[in-house]
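>>> Could you look at this predicted model? Sequence included:
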Amino acid sequence: MREVFQMAVYEQQNPFFIESSNLRNKKPLAEIERLLAHLTPPANKLETKGRQTINYMDNDQRKCFLLHKGSVSLYRSVDGMVLNTESAPFVFGMSTQMTDPDYLFIRTHDISEVSWLPLEVANQIIAENNLWRPLSQMLIYTVTRVYDHCTKISSLSSYDIIRYQLYELMSETEAIRNSVSIANYIQSRTFLSRSSIMKILAQLKAGGYIVSERGCLQAIKNIPLKY
């Protein structure tokens, strides 16, 4: 019997913490690919490298970014918090048209294939080709992802938040999981202190509930609901 935690392991896990990983399975790939098919021809290729910062505004021009290959994260500029992580294919800039262009920025995880076009041109192409349905499907997906993230870092215990973030990290691509430590991933997406994160992670690892290598998450083994 494990004594690291006084935990009650339930046979059926609370879906509150696992449905978010299934959101990626609901990504409207066909609709996004249709948007890319129309937006890519006039777009300009952007040379990228790992952990490159990409701003929505450049030379007083708002931009729409097309992610063809790789993974990127969406950051809040004021405190560096990660609001969302996406892998190709995806279109960035359509859901943030009403925000201050300096409020958010994008950062690549690895060498990604990205192109861009003026946001005004992207809006015109969407209107001329009646792409409102694929656009709305992508926006619904985007809003759901961000809302899901926000609800699960608010009014919860530290353990609940960390448990959820572990499942989020496990659902990321292998490239992302191997490029960021568990602690850094959680801290960049929550308001938790590093000490509290490390304490709970150490106990979970000692209890055999998570497997890590050089600080990176390798596997999850039925993390209990209660701490």
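Cool, got the structure.
>>> Strands of the protein, residue ranges please.
Using DSSP state E, the strands of the chain run over residues 44-46, 53-55, 57-58, 61-69, 71-76, 82-87, 90-92, 104-108, 113-118, 210-213, 216-220.
>>> contact partners of the fifth one?
In this case it means strand 71-76. Residues from elsewhere that reach strand 71-76, judged by CB atoms under 8 Å, 6 or more residues apart in numbering: 54, 81-88, 92, 103-110, 112, 114, 172-173, 175-176. From N, CA and C alone the C-beta is placed, and that goes for glycine too.
>>> one more time with 6 Å, if that's ok
If you take CB atoms under 6 Å, 6 or more residues apart in numbering as the criterion, strand 71-76 is touched by 82-85, 87, 104-109, 173, 176.
>>> For residue 209, see how far away residue 104 is.
Distance, residue 104 to residue 209, by CB to CB, to the nearest Å: 34 Å.
>>> quick one on the thing from earlier: most neighbours of all the contacts of strand 71-76, which one?
For these, the largest neighbour count, defined by other CB atoms under 10 Å, is 24 neighbours, found at residue 85.
>>> Setting aside sequence neighbours, what's the nearest residue to residue 200?
Distance criterion CB to CB, 6 or more residues apart in numbering; nearest residue to residue 200, sequence neighbours excluded, is residue 162 at 5.2 Å.
>>> what about the one you found, how many neighbours?
Neighbour count for residue 162, taken as other CB under 10 Å: 23.
>>> Wait, it touches residue 198, no?
No. In this structure, residue 162 is not within contact of residue 198 by CB atoms under 6 Å, at 10.2 Å.
>>> if we can go back for a sec, okay if I get the contacts of strand 71-76 as CSV plus pLDDT and distance to residue 213?
Output for the contacts of strand 71-76, formatted as CSV (pLDDT from 0 to 100; distance: CB to CB, whole Å):
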residue, pLDDT, distance to residue 213
82, 92, 22
83, 89, 28
84, 87, 26
85, 90, 21
87, 93, 22
104, 94, 32
105, 96, 30
106, 96, 28
107, 95, 24
108, 94, 23
109, 88, 18
173, 88, 16
176, 90, 15
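>>> what two of those residues are the furthest from one another?
Of all pairs drawn from the contacts of strand 71-76, the greatest distance, 21.7 Å, lies between 104 and 173 (CB to CB).
>>> quick revisit: confidence score at the residue nearest to residue 200?
Per-residue pLDDT puts residue 162 at 95.
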